[in-house]
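>>> kindly generate the corresponding structure for this input.
(2 chains)
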Protein chains: 2
Amino acid sequence: MAQQKKPTVTAVIMAGGKGERFWPRSRDRAPKQFLSLTDDGETMLQQTVRRLDGLLRSEHIYVVTNAEHLALAKQQLPDLPKTNLLAEPIARNTAPCIALAAAVIRKRHGDAVMLVLPADHIIRHRSLCRDILRKAMDAAATGAHLVTVGITPTYPETGYGYIEFTQDESAMQGVYRVEAFCEKPSAETAKAYVRSGRYLWNSGMFAWRTSVYCNALRAHLPAVADFADRITAVCDTPQFDAVLAEEFPKLPSVSVDYGVLEKSGQLYTIPAGFGWDDVGSWPALGRVAKTDTNGNYRNGDIMTVGTKNCVFYGGKRLIAAVGLENIVLVDTDDAVLACSAENAQNVRKITEMLREQGRADLL
Amino acid sequence: MAQQKKPTVTAVIMAGGKGERFWPRSRDRAPKQFLSLTDDGETMLQQTVRRLDGLLRSEHIYVVTNAEHLALAKQQLPDLPKTNLLAEPIARNTAPCIALAAAVIRKRHGDAVMLVLPADHIIRHRSLCRDILRKAMDAAATGAHLVTVGITPTYPETGYGYIEFTQDESAMQGVYRVEAFCEKPSAETAKAYVRSGRYLWNSGMFAWRTSVYCNALRAHLPAVADFADRITAVCDTPQFDAVLAEEFPKLPSVSVDYGVLEKSGQLYTIPAGFGWDDVGSWPALGRVAKTDTNGNYRNGDIMTVGTKNCVFYGGKRLIAAVGLENIVLVDTDDAVLACSAENAQNVRKITEMLREQGRADLL
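Numbers count the residues shown, from 1 in each chain, chains lettered A, B, ... in the order given. So this is what the prediction gives:
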């Protein structure tokens, strides 16, 4: 495909997550991105779409979600064209998810820019974010770049992946070449990363043209590239659903970071700071939302004595806490979760146990 | 009153506690002693009465409770004579409570032995306990002794009062003179107490004759002694209820330990070990009831990951715990309590706050 002077700009919102670390609030029926965890009216998915106001037209916004949640996504986003909501028959991680969107967008909009955004992150400074996304779009439009948004770390978080970047600016102002992707570090390594000034948090927000992504797939994940070609061929034809249902489940489950970006020599990053948080597990609410003077996040009917740095997410009942520190407590109609903040990732083990025990009513 | 050769033996079960440290399971309507915390069928009050099987006749068993709970006590103890259930119009701690019982018993049974027992303790070895109670009854019958049952400490508990006793046996075998009553000690002091072998836990179980107790009241709490005389005078007359309602609220609120025993020169103790626990707050369930291999007490639908030495008291919901240690979690229909084991005493502060806020429905 020939490069256009002014490519169309599209956005792909990845809304296929399970949100299991937010059990028991997040359930199979309505995972995290379909909820408003901080109870500010809009769901995280709706907030993600609203973040794009003024950046691009709603008919250019695509959402990829699990087939199970397609109806819910349509209901939450009535202003998007129904044909822009794409359903994964099964979860296959981010590389195939983005490939599906790229294949459809390529058919409909040619070699468009794709802004790829997770549906379940929180961004405090919306206009700063918009400026950075605009810069990412521009950087993606002008060349064969895979562009990531890197967040300047504000503390040595061990739950995020990091991006190492060169200090020398590239041809474009504010856009830097990526040296390496780094897995979630130890506490010590994270501190060194933050001190060095050469590391950014991997936000999972990306920008590239459809051709650039599909070429990268061809080079590093050829089976996924073949899939994308087949999807482009049948896009907006009666065969689309059948081909998707047939081919998608066969794809490897692989992340775009590991399967494509780490292996590419064309990777750039835009360092940014706009109050980003991936809201990865319950303790994140203590970071992204308002807390009391003891650092407790309180949602619901909460009463505390000698308690600090806790997250309380109540249901219909009173939650009373005495002498707690760094504890998460979540109350719902049918389940209560109590969890130490440092083990919040392991909430998944509870959902695994429930699945093994066939207790689907609680999932 | 002249001393009899074979005095009648009576028991006085003190069932006037509020059980606030067991909120939200224990409520104003049905405090701890009216519940079966370990779900073994009988309530703690019923267990206390059953513990006396074979020791004395049920018409000699008295129960003193708050007027509010009189109906509940009657319902739980259908085999006791209704006139043996005495109602305090208001809580005035143990010295007046025992005075009320002594005044009634003195009228009905003369200078009887009174075995005084709290209604909300757990005793694992029932027959060992019975042997000790029999010994206490005998010791009380033979002289002007105030006899306490002292528990040989099995660990340096800081939540109990201690009794220091002399190593020299008194005239009676296994009965020792008390040197001092000691307040709840620091952790270090408690360790020294246990090491020394000279200290016992104050179990709150006592034995004495009515005359001995009333004489001690006359010496140390004369207002309470006057009250007892008035009650004896009207006992089993139509004036009883009115005099009780009029006089009892005027009495000082004072414990028998502080108001009478500490000041007496006639105090003896019987060291005993029969698996006693005062079940003073939620963490006690981890000591007195069966736990899993990680030391967790589990009551209800409980699922744990990496969790140890916790107490889970469930309601209708699943309780899921991740990465917890030394935490108490209690779920009821209208309230959830989460509490660190070391702050379990402070559950009272929650009930205080609820009372201040007029949230009686939760009390």
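
>>> show me the contacts for the residue sitting nearest the centre point of chain A.
For chain A, the residue sitting closest to the mean C-alpha position, by CA atoms, centre = their mean, is A:Pro118 at 2.5 Å. A:Pro118 makes contact with A:13-14, A:17, A:48, A:204-205, A:278, according to CB atoms under 8 Å, 6 or more residues apart in numbering or on different chains. C-betas here are computed from N, CA, C, even on glycine.

>>> all strands for the stretch 201-350 of chain A, in order.
Here the stretch 201-350 of chain A has its strands, by DSSP state E, counting those that start in this stretch, at A:267-272, A:276-277, A:297-305, A:311-322, A:327-331, A:335-340.

>>> now the shortest one, how far from the centre of its chain.
In this view, strand A:276-277 has its centroid 11 Å away from the chain centroid, taken as CA atoms, centre = their mean, to the nearest Å.

>>> re the thing from before, what would the strands of the stretch 201-350 of chain A look like in CSV with mean neighbour count, distance to A:Arg134 and mean pLDDT?
Formatted as CSV, the strands of the stretch 201-350 of chain A follow (neighbours: other CB atoms under 10 Å in any protein chain shown; distance: least, CB to CB, whole Å; pLDDT from 0 to 100):
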stretch, mean neighbour count, distance to A:Arg134, mean pLDDT
strand A:267-272, 24, 10, 94
strand A:276-277, 22, 16, 92
strand A:297-305, 20, 32, 96
strand A:311-322, 23, 34, 95
strand A:327-331, 27, 37, 97
strand A:335-340, 26, 39, 97
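
>>> could I get those strands as a markdown table with distance to chain B?
Output for those, formatted as a markdown table (distance: least, CB to the nearest CB, whole Å):
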| stretch | distance to chain B |
| --- | --- |
| strand A:267-272 | 33 |
| strand A:276-277 | 21 |
| strand A:297-305 | 5 |
| strand A:311-322 | 4 |
| strand A:327-331 | 5 |
| strand A:335-340 | 4 |
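
>>> dump these to JSON lines, plus distance to A:Leu363.
Formatted as JSON lines, the strands of the stretch 201-350 of chain A follow (distance: least, CB to CB, whole Å):
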{"stretch": "strand A:267-272", "distance to A:Leu363": "36"}
{"stretch": "strand A:276-277", "distance to A:Leu363": "26"}
{"stretch": "strand A:297-305", "distance to A:Leu363": "22"}
{"stretch": "strand A:311-322", "distance to A:Leu363": "17"}
{"stretch": "strand A:327-331", "distance to A:Leu363": "15"}
{"stretch": "strand A:335-340", "distance to A:Leu363": "10"}
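
>>> helices along the stretch 1-150 of chain A, start to end?
For the stretch 1-150 of chain A, the helices defined by DSSP state H, counting those that start in this stretch occupy A:44-50, A:70-76, A:94-109, A:126-142.

>>> out of those, flag the one nearest chain B.
Closest to chain B of the helices of the stretch 1-150 of chain A, according to CB to the nearest CB: helix A:44-50, at 22.9 Å.

>>> residues contacting that closest one, please?
Contacts of helix A:44-50 (CB under 8 Å, 6+ apart): A:13, A:15, A:32-37, A:42, A:58, A:61, A:63, A:73, A:76-77, A:80, A:117-122, A:279.

>>> how far away is A:Arg359 from A:Gly315?
From A:Arg359 across to A:Gly315, the span is 19 Å (CB to CB, to the nearest Å).

>>> with A:Thr154 instead?
For A:Thr154, the distance to A:Gly315 - CB to CB - is 32 Å.

>>> so what strands line up beside the one helix or strand in chain A whose mean pLDDT sits lowest?
Ranking every helix and strand in chain A by mean pLDDT, DSSP states H and E puts strand A:162-169 at the bottom, with a mean of 87. Next to strand A:162-169 in the sheet, as set by DSSP bridges, lie strand A:176-182 (antiparallel), strand A:199-209 (antiparallel).

>>> what angle do the first one and strand A:267-272 make?
Regarding strand A:176-182 and strand A:267-272, their directions subtend 100 degrees when assessed with axes from the mean of the first three to the mean of the last three CA atoms, to 10 degrees.

>>> contact partners of strand A:176-182?
A:148, A:150, A:161-170, A:193, A:198-199, A:202, A:257, A:261-262, A:267-271.

>>> ok, of the residues you listed, which come out buried?
Restricting the contacts of strand A:176-182 to buried positions leaves A:148, A:150, A:161-165, A:170, A:193, A:198-199, A:202, A:257, A:261, A:267-271, with burial counted as 16 or more other CB atoms under 10 Å in any protein chain shown.

>>> tell me how far the nearest residue to A:Thr152 once chain neighbours are set aside lies from chain B.
Nearest non-adjacent residue to A:Thr152, counting by CB to CB, 6 or more residues apart in numbering or on different chains: A:Gly273, 4.6 Å away. Using CB to the nearest CB, to the nearest Å, one gets 31 Å for the distance from A:Gly273 to chain B.

>>> phi first, then psi, for the residue in the stretch 101-250 of chain A positioned nearest to chain B.
Using CB to the nearest CB, A:Gly159 is the residue of the stretch 101-250 of chain A that sits closest to chain B, at 14.7 Å. When quoted as degrees, to the nearest 10, the phi and psi of A:Gly159 stand at phi -90, psi 0.

>>> I'd assumed A:Glu183 was in contact with it.
No. Assessed by CB atoms under 8 Å, A:Gly159 is found out of contact with A:Glu183, at 11.3 Å.

>>> distance of the residue nearest to A:Leu363 when sequence neighbours are not counted from A:Val64?
Distances taken as CB to CB, 6+ apart place A:Asp28 nearest to A:Leu363, at 4.8 Å, with adjacent residues excluded. Separation of A:Asp28 from A:Val64 (CB to CB) stands at 18 Å.

>>> compare the two and say which is more crowded by neighbours.
Set A:Asp28 next to A:Val64 and count neighbours by other CB atoms under 10 Å in any protein chain shown: A:Val64 wins out with 26 against 17.

>>> list the contacts of that one.
A:12-16, A:86-88, A:97-98, A:100-101.

>>> need the pLDDT of the residue nearest to A:Thr152.
pLDDT, A:Gly273: 93.

>>> and it, how many neighbours?
Neighbour count for A:Gly273, taken as other CB under 10 Å: 15.

>>> these two touch, right, it and A:Ile151?
Yes. Contact status for A:Gly273 versus A:Ile151: in contact at 6.6 Å, counting by CB under 8 Å.

>>> ok, the closest residue to A:Phe165 other than its chain neighbours to A:Val149 distance?
Residue nearest to A:Phe165 in three dimensions, not counting chain neighbours: A:Tyr176, with 4.3 Å by CB to CB, 6+ apart. Applying CB to CB, the value for A:Tyr176 to A:Val149 is 12 Å.
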